[in-house]
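Chemist: Here is a sequence together with a model predicted from it:
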Amino acid sequence: MKFELSDEDHAFRAAARAWLVENVPSEPAPHDGQPAREFALSWLRRRHAAGWSGIAWPKAYGGLGLSYERQIAWHEESVIAGAPSPLDPTFVSVNHAGPTLIACGTEEQKAFHLPKILSGEVVWCQGFSEPDSGSDLASLRTFGRVEGDHLIVNGQKIWSTYADIADYQELLIRTEPGSERQAGLSWVICDMSAPGITVQPIGNIAGAHHFAQVFYDDVRIPLSNVVGGLNNGWKTAMTTLGFERATAATALQIELSAKVEALLRFAEVQGDGGFAHELASARAEAAALRALTYRTLFKDPTTPFDGSMVRLFFAELAQRIHRLGMQLYGPENADCDRLSGWVYAYLEAFSETIAGGTAEIQRNIIGERILGLPRGGNR
């Protein structure tokens with residue numbers, strides 16, 4: 001795909017580059033806890049104050065109303081400038097909670113939440129997966145009983161990233177008694193300070209504690225916090241996952257290309273160590289990923305399932321590239337703190353084929369919804 005850039009596009013990129021050079025934080029971002037929250041919100045507030053927040057969000061909801069081409073240009077310049085990774089405590093709010101509210105929320109919900117998201121006031125987390133309902137999201141059991149103008153929620157969620165420092169949660173629960181599978185679910189805004197919520201952080205193999213499990217014990221959530229209609233949560237959740245699997249990860253995919261170039265520079269100085277073929281393949285695959293991403297963003301017509309192709313390719317390629325980095329740097333990794341550098345990134349990459357729907361789930365979606373293959377198994 002070829003982009004025809006206007007003079008205004010070039011001017012936007014130049015302005016973004018100049019601002020980033022002057023404003024990118026010099027210190028590394030913390031991985032978890034309150035330090036991670038404050039660092040991420042401070043960086044978002046700085047961008048918002050300078051007019052670099054919500055680039056592709058509609059103007060009606062506080063964004064700049066610019067094209068995805070401009071959003072991509074911002075991501076590319078951010079990577080070049082060494083800006084903090086977009087996969088920080090603001091990722092959920094900016095990249096799929098906010099867009100879901102824009103697509104499915106009421107005007108009251110948008111008016112209250114969207115300005116707080118864009119201006120760096122709040123952190124959101126996601127409450128979809130459960131201990132026995134991860135890949136099979138439709139089997140979730142956390143239940144919300146309608147009582148007057150509230151839902152009374154009981155149950156448990158797991159792998160809720162940054163739940164310990166979040167203000168709000170995009171929470172998917174069952175609200176229709178006796179319902180099964182996709183029927184009877186609701187997507188609700190959960191205030192994480194509500195009585196009855198208990199959050200327990202979970203450490204991962206990289207040494208960070210940004211995952212968490214969340215317990216709900218008679219948590220009262222106003223019915224006005226339901227997004228997309230009561231018992232219509234599956235449709236709203238698919239909107240969220242569509243953002244998570246497609247546009248939300250654009251910056252991460254661009255960042256992956258930059259990591260390949262860093263490996264190539266290291267190999268040029270140190271010698272490729274017999275990895276010339278792997279390095280060439282990594283660069284080609286990173287370029288193919290970016291082309292697939294752009295095609296998915298700009299193809300017409302789009303489908304809700306296009307993001308699964310991008311998500312699957314990105315997840316598996318990220319693991320291959322980080323494994324290559326570990327091999328190429330070799331003994332140098334032994335001197336690296338586990339919470340930094342290639343060691344941390346390599347260990348974190350193991351989650352990529354699980355997060356946002358496992359690789360197996362993405363293959364099912366691609367096979368059934370895009371290729372039209374028959375459904376397999378008893379699902």
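Modeler: Arrived safely.

Chemist: Could you give the bridge partners of the residue nearest to V92 when sequence neighbours are not counted?
Modeler: With C-beta to C-beta, 6 or more residues apart in numbering as the criterion, V92 has its nearest non-adjacent residue at 4.6 Å, and that residue is W124. (Each C-beta comes from the backbone N, C-alpha and C, glycine too.) Beta bridges link W124 to Y168 when assigned by DSSP bridges.

Chemist: which residues touch W124?
Modeler: 92-93, 97, 117, 166-170 (C-beta atoms under 8 Å, 6 or more residues apart in numbering).

Chemist: Out of those, which two are the most distant from each other?
Modeler: I117 and Q169 (13.3 Å; C-beta to C-beta).

Chemist: Give me the distance between Q156 and L324.
Modeler: Noted for Q156: a distance of 38 Å to L324, by C-beta to C-beta, to the nearest Å.

Chemist: For these two, indicate the residue with more neighbours.
Modeler: L324 (21 against 18; other C-beta atoms under 10 Å).

Chemist: Nearest residue to the more buried one in space, please, no chain neighbours.
Modeler: Per C-beta to C-beta, 6+ apart, closest to L324 is E278, 5.4 Å.

Chemist: Help me confirm that that neighbour is found in a helix?
Modeler: Yes: E278: assigned to a helix according to DSSP: H, G, I helix; E, B strand; the rest coil.

Chemist: Kindly state the pLDDT recorded for it?
Modeler: pLDDT recorded at E278 is 90.

Chemist: Could you check how far it is from L263?
Modeler: Distance from E278 to L263, by C-beta to C-beta: 9 Å.

Chemist: where along the stretch 151-300 of the chain do the helices fall?
Modeler: 233-245, 250-270, 276-298 (DSSP state H, counting those that start in this stretch).

Chemist: Can you pull the domain assignment for the protein?
Modeler: Domain assignment for the chain by automatic domain parsing gives 7-88, 124-232, 246-370.

Chemist: Single out the most deeply packed of these.
Modeler: domain 124-232 (a mean of 19; mean count of other C-beta atoms under 10 Å).

Chemist: mind checking how far that domain is from the chain centre?
Modeler: Centroid separation between domain 124-232 and its chain, computed with C-alpha atoms, centre = their mean, to the nearest Å, is 17 Å.

Chemist: Ends of it, what's the gap?
Modeler: Terminal residues of domain 124-232 lie 21 Å apart, using C-alpha to C-alpha, to the nearest Å.

Chemist: same deal with stretch 118-132?
Modeler: Stretch 118-132 has an end-to-end distance of 34 Å (criterion: C-alpha to C-alpha).

Chemist: From the chain's centroid, how far away is it?
Modeler: 10 Å.

Chemist: now do stretch 222-234
Modeler: That offset, for stretch 222-234, works out to 22 Å (C-alpha atoms, centre = their mean).

Chemist: Equivalent analysis for stretch 95-108, please.
Modeler: Counting by C-alpha atoms, centre = their mean, stretch 95-108 comes out at 15 Å from the chain centroid.

Chemist: Pretty sure G271 is one of the things L328 touches, is it not?
Modeler: No: checked against C-beta atoms under 8 Å, the pair L328 and G271 is beyond contact range at 9.9 Å.

Chemist: any idea what I55 is structurally, helix, strand or coil?
Modeler: coil.

Chemist: from memory it sits against R70, does it?
Modeler: Yes: using C-beta under 8 Å, I55 is in contact with R70, at 5.8 Å.

Chemist: Now do the shared contacts for the two.
Modeler: L64.

Chemist: quick one: furthest residue from the center of the chain?
Modeler: Centroid-distance maximum for the chain: G271 at 35.3 Å, with C-alpha atoms, centre = their mean.

Chemist: quick one: that residue and L324, what's the gap?
Modeler: With C-beta to C-beta as the criterion, G271 and L324 are 15 Å apart.

Chemist: ok, now S67?
Modeler: Distance from S67 to L324, by C-beta to C-beta: 34 Å.

Chemist: can you check H96 too?
Modeler: 29 Å.

Chemist: now swap in R70 and tell me
Modeler: Distance from R70 to L324, by C-beta to C-beta: 32 Å.

Chemist: try R295
Modeler: Distance from R295 to L324, by C-beta to C-beta: 25 Å.

Chemist: now swap in G105 and tell me
Modeler: 42 Å.

Chemist: now do E69
Modeler: 30 Å.

Chemist: And for G178?
Modeler: Taking C-beta to C-beta, one finds G178 at 51 Å from L324.

Chemist: low-scoring pLDDT stretches of the stretch 101-250 of the chain, where are they?
Modeler: For the stretch 101-250 of the chain, applying pLDDT under 70 flags the ranges 134-135, 244-249.

Chemist: hang on, the earlier thing: export the domains of the chain as CSV, with columns for distance to A111.
Modeler: What follows is the domains of the chain, written out as CSV (distance: least, C-beta to C-beta, whole Å):
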stretch, distance to A111
domain 7-88, 9
domain 124-232, 12
domain 246-370, 23
